[in-house]
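Enquirer: Please find the sequence and the predicted model below.
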Amino acid sequence: MENEALLLWSVVFSSVGLGFFIYGKKQRRLIPFLCGLALMIFPYFVGSVPLLIGIGIVLMALPYFVRL
């Protein structure tokens, strides 16, 4: 059951990351670009569902609080 949840959350965060990546690239905004890149890459290295969700939420919220 944990493998399915891990796969589902990885797809969700990677999809949101793709959106951030495209937005950051088109608007020339560094933080959304880097957060999008991180959201697409980090699920490959995390093996725990709670840790995956925690890191994903932090990376998704970061562009709203850091404006560069």
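Expert: Everything's here; your move.
Enquirer: for the host helix or strand of Ile31, packing partners?
Expert: With elements delineated by DSSP states H and E, Ile31 resides in helix 30-41, which encompasses its position. Taking 3 or more Cβ pairs under 8 Å, 6 or more residues apart in numbering; DSSP states H and E as contact, the helices and strands that helix 30-41 lies on are helix 2-27, helix 49-65. Yep, even glycine has a C-beta here, placed from its N, CA and C like the rest.
Enquirer: Met40: which of the ones you listed is closest?
Expert: Across these, the minimum distance to Met40, taken as Cβ to Cβ, is reached by helix 2-27, at 4.0 Å.
Enquirer: in that closest one, what's buried?
Expert: Leu6, Trp9, Ser10, Val12, Phe13, Ser14, Val16, Gly17, Phe20, Phe21, Gly24 (16 or more other Cβ atoms under 10 Å).
Enquirer: Apart from its neighbours in sequence, what residue is nearest the third one?
Expert: Leaving out its chain neighbours, the residue that sits closest to Ser10 by Cβ to Cβ, 6 or more residues apart in numbering is Pro43, at 3.7 Å.
Enquirer: got the contact list for that neighbour?
Expert: With contacts taken as Cβ atoms under 8 Å, 6 or more residues apart in numbering, Pro43 has the following neighbours: Leu6, Trp9, Ser10, Phe13, Ser14, Leu52, Gly56.
Enquirer: What's the per-residue pLDDT of it here?
Expert: In this prediction, Pro43 carries a pLDDT score of 93.
Enquirer: Same question for Arg28.
Expert: Model confidence at Arg28, given as pLDDT, is 94.
Enquirer: Alright, calling it a day.
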